[in-house]
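Undergrad: Here's a sequence, model it:
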Amino acid sequence: MVKPIRDTDGPRHVAVIMDGNGRWATQRGRPRLFGHHAGAKRVREIVQACPDLGVKYLTIFAFSTENWKRTQTEVAGLMSLFRRYITMEARALCDQNVRVRFIGDRVRLDKKLVGLMDELEQMTRGCTGINLTIAINYGGRDEVARATKRLAQDVAAQRLDPENVNEETLPKYLDTYVLPDPDLVIRTSGEARISNFLLWQSAYAEYEFIDTLWPDFSAEEFQGLINNYAGRERRFGAVSV
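TA: Numbering: from 1, shown residues only. Sure thing, here's the model as predicted:
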């Protein structure tokens, strides 16, 4: 059972690299896709835990630009899982007042999936509770490259003065331009790397690298990490007084 905490105690925006689905399935002698299905169910529990933990924004890394290198069977299975998740969870997300957004390059995704993504974003547009952002075909470097291209186009069209380009300008062109930067980034499965996730946005985020495989990640463990965050001193380059 998750115990409510004060908004001021914890992070406002948590981003999660959901790793370990394949290993979880392999340990049980099952196909990797079995683990991905188990991981999708875990997302529901974590989303439901957010309100009591004071988390207003949750961003999850579902499929990276590098994941296309996996077997055709696994990629096709993941795309089918995304379509199924959106179809099955849409009503529940609305009922829970969850605003859903997708980030990443949609050009390579199949049209049916993109259509479902668009529909879910539109369906939850008026929701005012948790903001759930799902990164599909997302890579931090790819995002910055696409943002830079759009910025350059605005400069070329004289819609933007190059003298006004600074570190506050580029974020307006990122996929996450309507979101606050993450306060806490969690990676499951024991890997201690960020894997090209929210590179610009996470410059001052706190990180937690944990051994738990994503399908075993519970709301109680999530709360423990939130509590750890609350005990940290965030100085943003300043010195403690």
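Undergrad: all strands of the protein, in order?
TA: 13-17, 57-64, 99-103, 131-138, 184-187, 206-209 (DSSP state E).
Undergrad: For His37, which of these is the nearest?
TA: The closest of the strands of the chain to His37 is strand 57-64. By CB to CB, the value is 13.0 Å. Every C-beta, even on glycine, is put in place using the N, C-alpha and C of the backbone.
Undergrad: What are the buried residues along stretch 42-51?
TA: Buried positions in stretch 42-51, judged by neighbour count with 16 or more other CB atoms under 10 Å: Arg42, Val43, Ile46, Val47, Ala49, Cys50, Pro51.
Undergrad: again but with stretch 56-69, I slipped
TA: Quick answer for stretch 56-69 (16+ other CB under 10 Å): Lys56, Tyr57, Leu58, Thr59, Ile60, Phe61, Ala62, Phe63, Ser64, Thr65, Asn67.
Undergrad: Neighbours of Arg83, how many?
TA: 16 (other CB atoms under 10 Å).
Undergrad: just to revisit the earlier point, kindly reformat the strands of the chain as a markdown table containing mean pLDDT and distance to Ile226.
TA: A markdown table is the format used below for the strands of the chain (pLDDT from 0 to 100; distance: least, CB to CB, whole Å):
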| stretch | mean pLDDT | distance to Ile226 |
| --- | --- | --- |
| strand 13-17 | 98 | 8 |
| strand 57-64 | 98 | 12 |
| strand 99-103 | 98 | 20 |
| strand 131-138 | 98 | 17 |
| strand 184-187 | 98 | 8 |
| strand 206-209 | 98 | 10 |
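Undergrad: can you redo these as JSON lines with distance to Glu121?
TA: Output for the strands of the chain, formatted as JSON lines (distance: least, CB to CB, whole Å):
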{"stretch": "strand 13-17", "distance to Glu121": "18"}
{"stretch": "strand 57-64", "distance to Glu121": "14"}
{"stretch": "strand 99-103", "distance to Glu121": "6"}
{"stretch": "strand 131-138", "distance to Glu121": "10"}
{"stretch": "strand 184-187", "distance to Glu121": "23"}
{"stretch": "strand 206-209", "distance to Glu121": "29"}
